[in-house]
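Asks: Build me a model from this:
(one chain, ligands or ions: 1)
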Amino acid sequence: MTDRILCWHSNPSKPAFTPPPGAIDAHCHVFGPIAEFPFSAKAKYLPEDAGLDMLFTLRDHLGFARNVIVQASCHGTDNAATLDAIAKSNGKARGVAVVDPAISEADLSALHEGGIRGIRFNFLKRLVDNAPKDKFLEVASRLPKGWHVVIYFEADILEELRPFMDAIPVPLVIDHMGRPDVQQGPDGEDMQAFRRLLDSREDIWFKATCPERLDAVKEGGMGDPWDNFATAVAPLVADYQDRVIWGTDWPHPNMQDEIADDGHIVDMIPRIAPTTELQHKLLITNPMRLYWPEEL
Ligand SMILES: O=C(O)/C=C(\CC(=O)C(=O)O)C(=O)O
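Replies: Numbers count the residues shown, from 1 in each chain. Alright, predicted model coming up:
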């Protein structure tokens, strides 16, 4: 694999929606720069460099105050790029790491010092070679205090993962709602299954993220302005408003065929969270509880 992919908009518009002061973009990534932070030998995609300067410029442009940087699969279990971005953020970023499940307590503590507050388990076959549930459960049982587990899976394996998720002894945060088919609408099979998961435990959170992925034309969706996403997700946000967070998903890995304008992605916020109270929970109170609880 040699070609590097470019997935982000070079000149995103200014959103019409102004995020409230203190708003957090709680799902984004950094890629490289490759000269300083090489990609994993096992990476399934090689993106162009999208480092911390670009991320922080975008944060300011879109009107956000902080970022939660999620380790992407292309960097494997080497969290150096994520940690470097957090260290240079002036306290405005924290992160989620991907770790070798055999990681030592000392290395977990060092990640905590570096601003990490959770680990991510990725079950997408196109992104990772294997996802050993037994090892994941073992490491989940010895995380630093206050951490959570982020899980990324697609809707077709939700039921299969239920026993595994039930056994995780810390709060769970589900990436992109487990990728439901938003074309099915708010009461479709996928959303119903996801609601059953949320109803099974009060400490399961989710990210109301990725209109550009879930309502992509290549997924049979409508593309920007992603009306199917808005219709399917708004009721979920209203019904589970104390455990939902939001993020841009910048730099949108693997979306090179339908490059999203980040300004338009921000303009999805008032469509899924129409009141100022909901917006405050989605963008501030909820992500603060997970990532900066000491400030509350
Ligand atoms: O931005 C995301 O969350 C989604 C990704 C990439 C990813 O998660 C990873 O590489 O680890 C995807 O679906 O390709």
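Asks: Show me what the longest strand seen in the chain is packed against.
Replies: Ranked by residue count under DSSP state E, the longest strand found in the chain is strand 116-122. If contacts are counted by 3 or more CB pairs under 8 Å, 6 or more residues apart in numbering; DSSP states H and E, strand 116-122 sits against helix 80-87, strand 93-97, helix 133-140, strand 148-152, helix 286-291. (Each C-beta comes from the backbone N, C-alpha and C, glycine too.)
Asks: tell me the most buried of the ones you listed?
Replies: The highest average neighbour count among the helices and strands packed on strand 116-122, using mean count of other CB atoms under 10 Å, belongs to strand 93-97 at a mean of 26.
Asks: Skipping adjacent residues, who's closest to L6 in space?
Replies: Here the nearest residue to L6 in space, its sequence neighbours aside, is E48; by CB to CB, 6 or more residues apart in numbering that works out to 4.7 Å.
Asks: for P21, that is, sorry about that
Replies: In space, P21 comes closest to A65 once its chain neighbours are excluded; the distance is 6.7 Å by CB to CB, 6+ apart.
Asks: What parts of the stretch 1-150 of the chain come near the ligand?
Replies: Counting by CB under 6 Å from any ligand atom, the residues of the stretch 1-150 of the chain close to the ligand are A72, S73, C74, N122, L127.
Asks: what about the fourth one, how many neighbours?
Replies: What that stands for is N122. Other residues lying near N122 total 17 when counted by other CB atoms under 10 Å.
Asks: who's it bridged to?
Replies: Going by DSSP bridges, N122 is paired in beta bridges with Y152.
Asks: my guess is it contacts V128, does it?
Replies: Yes: with contacts counted by CB atoms under 8 Å, N122 reaches V128, the gap being 4.9 Å.
Asks: Can you check which residues contact both of the two?
Replies: Overlap of the contact sets of N122 and V128 (by CB atoms under 8 Å, 6 or more residues apart in numbering) consists of S73.
Asks: OK, contacts around Q184?
Replies: By CB under 8 Å, 6+ apart, Q184 lies in contact with D190, M191, A232.
Asks: between those residues, which has the most around it?
Replies: Once you tally neighbours by other CB under 10 Å, A232 ends up highest among the contacts of Q184, having 26 neighbours.
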